[in-house]
Structures are given as C-alpha cells and as structure tokens.
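Participant: the sequence and its predicted three-dimensional model are supplied below.
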Amino acid sequence: MLTYDKEAIPIETSFPLNVSVDIQINDMVPVDNSDMHFSIDAYFRVTWTDYRLQFNDSLSNTFIPIEYQYMDLLWIPDLYFPQSKSGHIHSLMQKNAVAYLWANGSVVTSQRISVNSFCDMDYTYYPFDIQECKLSVQSYTFSSLYIDLIWFGKGVTYTNDLHTVNFNAVKITLNRSSADYQRFGKFNSLDINFRLFRNLKLYLLRDFFPSILLVCLSWVSFWINHRSTPARVAFGVTTVLTVVTLTNNVKETSPPSSIFRSIDYYLLICKLYVFGALAECAIVGMSLPVSKRRRCYDATKITEGYEDGEDIEEYEMKNTKSLSHVTLATLENGYSSHNGNKQESFYRMSKGRRPSLITGLLPQPKQQSKAPRLLHYSRNAHFVDRVSRVLFPFSFILINVVFFLYHRLHPDTVD
C-alpha cells in the first residue's frame, strides 16, 4: 500500500478496465412539471478490480469493509449523470457511503444518492400523455479505450412499484450506448429509460367530468319558456362564468406549455357550447314576432285604468275613444296572453249587463289544460329551441366519442 497511487487507473495487462454498475431505486420523487425535472433516491453501486489491492486469504469470500473516511485513499471511477442538474450523497447521521474489498482485488462502492435530473417532456396530448425520461451514467475522464462500462446483473432494481402523484405507473428499460465527444473520443454510456404513464382517472374526475356537467347544464335553458328571456339569459351568463372559472383553475394546475394541448382543445369546445347556448337564447328572444308583442300590449291597455268594483258602463263612457280601435282579434289574443287579475275582475263586473263594446268583444276565460305542464311547453316551444334540444346534445356526444376514442387508440397516449 506504500506504493499505491490513487491517481493511476488500475490496468495491469489489457485495456480497457471493466467497470460494472447497478442501481437499486428506493423511491421516485414526484415529477416537477413546471421545470421538467424528476428525482430518484437510490443506492448507487460500482464494481471493478484493482490488482494492486489483492491480499492473501484462505477464504475467497472474505471481504473488508472500508468506511467513507478512507475511501478517498482508493482509486474510484469518476462516474457522473450527464442529465442531472443537482444531486447529493445522503449524510443523515453520517455519510451514506462504504467500500468493500475482496481478496482478489475486487472493489465495490455503495452510496445512497438523490439525483435531480432534467426530462424533456412533450405535453401535446396532455393529460393523455406518456412521458419518456432518460438518466445516463458515464465516465467523466476515461473514454471507452480505458473504461468499459457494463450493467451488473439486472442493472436496475426497485423494491416497490414506482409511481408519482401525477403518474400512476413507471416502466424502466435499460440500454447501453456510446456517446461521441469528438476529439476526446467515445465514452460508454449506461442508459436508464423511464416511461411515465399519466394518472388519467385523476384528470377525468377533476377536469373533464365537471366540464361535461357544465355543458349539459347550459342546455336546461332550451326547456325554459322562450318568453322568459330574463331567466334564460341569467342562466346562460351563469354557466358561461362558471366554465371560464373552471378553465382558469385547470390552467393553474396544469404544467406550463407554449403549445395548445389536448385538454386546451377540449375546454375550448366546452366554452363554445356554453356560449352557443347563451347565443341561442338571444336568437329566440329576437325572433319573437313584433305583431304578437303589439297585440299583447294593446290587450293590456284595455284594462290598465280599470279598478275592481268600478261600474262597467261608466268605464266604457270614459274610455270609448281609446278603445274604439281595438279589434276582436286583438282583444282575444291579448286576453289569452295576459289573463291577469284585472281581466278576470273586468269580466265578472261586465257579466249579466247589457251588450256593450267591451262585453261584446271580451272572450270567455279559457279553462286551463289538464295536460301535463311539460307537454304544454313542448307544444308551444320555439322552433329554435326544438332544434337545439337535439342538435346540441347529439353533436357534443359525437365530439366526445371522437375525442376520447382518438386518444385511446393513439400509440403515444395512455391506454
């Protein structure tokens, strides 16, 4: 050991030196979508043979543990992670590092490390996306002429199924490649490929399902009486504001992206349907014939000055001039549309008296239909409402089938 040089690579006869690597992953820290990083906590083990450290021992399986304070006295391969942005060796209680020396000169180092690595994520199909991240191990100093990196055993092992908050499954594949650094030569690279599968159920319940409910809720206005314009407009504005708020909440919980993602397209479709329902209310209100509104106004004018208990003949004498232009058709339509308390009282006071202008024209009160209220409104529904009741749900269901079927069958999306 007095002639041992820790700066010299332990190559005795032939190049290169075989260096084996194996990693045991303890946990995978949740992926940070904002800066496209992921972290792992693992035991990092490196195995090689240093002929200068051989010693005689009758038991070939005997090994000597070397504490971390003395590991600096040994030559250790200078391995690193090219994609890592930060990392450290755990030092709780004491530094989590140890080396084992066998009689034949084999050396094994084991360190508990945490590595924060960059992952170039593609959010085109978010939240149906499958992300692929790569973590490589290379030698920083020695090219493949001096060190031959290989996987030891299975290469990567883990105790439990790996998962994170946003990804419910992680599949790992191993690869061995070569990185070309031009004039410095080629360096062996041991690659760990992480395939992250998005937790789709979480997003279906949190983002898609509320959006579908809001769109369906906006269709309720199609069944509200088309003459109740204020109620329909208020209902439409409320659903519009709600879907805008939901969209903002989804953007806050989603990873930032400069492209339009699948969920952005879907939320845009939901917005268009909700805005379309509000626009349909405006179209229905604008399409009510002016003549009907005028007849309703004239019928109301007939009794607007009449007081309960007032003599019919006296009321006629005072208002003969103003009522002379009212036709029977106007009166009938107005009475049918505005069957209020004044008209009822006006009819009762005129009943049994001599024929007059009003009592001769005033129709009998219509009896209420015994048909269900829903059928009554369906028979008198506006044409645009009847079309919207079929067009909006059918087209929205069709779009959902195409949207989810496309993302179900696409090879780059979650099954």
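Facilitator: Happy to help now that I have it. Residues are numbered from 1 along each chain as shown.

Participant: helices along this structure, start to end?
Facilitator: Taking DSSP state H to define them, one finds helices in the chain at 200-203, 209-218, 229-253, 262-286, 290-302, 312-323, 328-337, 341-350, 357-361, 373-379, 383-409.

Participant: going by mean pLDDT, which of those comes out lowest?
Facilitator: Here the lowest mean pLDDT among the helices of the chain goes to helix 373-379, at a mean of 41.

Participant: for the chain, which strand is longest?
Facilitator: Longest strand in the chain by number of residues, with DSSP state E as the criterion: strand 17-32.

Participant: ok, Y100 - contacts?
Facilitator: F63, I64, P65, I66, V107, V108, T109, S110 (Cβ atoms under 8 Å, 6 or more residues apart in numbering). C-betas here are computed from N, CA, C, even on glycine.

Participant: okay, among those, which ones form the most distant pair?
Facilitator: Largest separation among these by Cβ to Cβ: I64 and S110, giving 14.1 Å.

Participant: who has more neighbours out of the two?
Facilitator: Legend: neighbour count by other Cβ atoms under 10 Å for I64 and S110, higher for S110 (16 against 12).

Participant: run through the bridge partners of that one.
Facilitator: Beta-bridge pairing for S110 (DSSP bridges): R45, V98.

Participant: is it in contact with K95, as I believe?
Facilitator: No - assessed by Cβ atoms under 8 Å, S110 is found out of contact with K95, at 11.8 Å.

Participant: let me know how buried D122 is, in neighbour terms.
Facilitator: Residues lying near D122 (other Cβ under 10 Å) number 14.

Participant: what is the neighbour count of the closest residue to D191 other than its chain neighbours?
Facilitator: Take D191 and drop its neighbours on the chain: the residue closest to it by Cβ to Cβ, 6 or more residues apart in numbering is N175, 4.2 Å away. Neighbours of N175 under the rule other Cβ under 10 Å: 13.

Participant: over to Y273?
Facilitator: That count, for Y273 with other Cβ under 10 Å as the rule, works out to 22.

Participant: gap between the spatially closest residue to it that is not a sequence neighbour and T242?
Facilitator: Excluding the flanking residues, the one nearest Y273 by Cβ to Cβ, 6+ apart is V215, at 4.8 Å. Per Cβ to Cβ, to the nearest Å, V215 is found 11 Å from T242.

Participant: now swap in L135 and tell me
Facilitator: Distance from L135 to T242, by Cβ to Cβ: 43 Å.

Participant: check P65 too.
Facilitator: P65 sits 65 Å away from T242 when distances are taken as Cβ to Cβ.

Participant: neighbour count winner among these two?
Facilitator: The neighbour count for P65 versus T242, taken as other Cβ under 10 Å, is higher for T242 (16 against 8).

Participant: pretty sure the more buried one contacts L214?
Facilitator: Yes - counting by Cβ under 8 Å, L214 is a contact partner of T242 at 5.7 Å.

Participant: what residues are up against the residue lying closest to F152 once chain neighbours are set aside?
Facilitator: Of all residues not flanking F152 in the chain, S20 sits nearest, at 3.6 Å (Cβ to Cβ, 6+ apart). S20 sits next to V46, T47, W48, I150, W151, F152 when contact means Cβ under 8 Å, 6+ apart.

Participant: circling back to that earlier point, got a markdown table for the contacts of Y100, with pLDDT and distance to V274 too?
Facilitator: Listed next are the contacts of Y100 as a markdown table, based on pLDDT from 0 to 100; distance: Cβ to Cβ, whole Å:
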| residue | pLDDT | distance to V274 |
| --- | --- | --- |
| F63 | 86 | 70 |
| I64 | 89 | 73 |
| P65 | 92 | 68 |
| I66 | 92 | 69 |
| V107 | 95 | 67 |
| V108 | 96 | 63 |
| T109 | 96 | 61 |
| S110 | 96 | 59 |
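
Participant: so of the residues you listed, which ones are in strands?
Facilitator: F63, I64, P65, I66, V107, V108, T109, S110.

Participant: could those residues go into JSON lines alongside distance to N56?
Facilitator: As requested, the ones in strands among the contacts of Y100 are exported to JSON lines (distance: Cβ to Cβ, whole Å):
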{"residue": "F63", "distance to N56": "14"}
{"residue": "I64", "distance to N56": "13"}
{"residue": "P65", "distance to N56": "19"}
{"residue": "I66", "distance to N56": "18"}
{"residue": "V107", "distance to N56": "17"}
{"residue": "V108", "distance to N56": "20"}
{"residue": "T109", "distance to N56": "23"}
{"residue": "S110", "distance to N56": "25"}
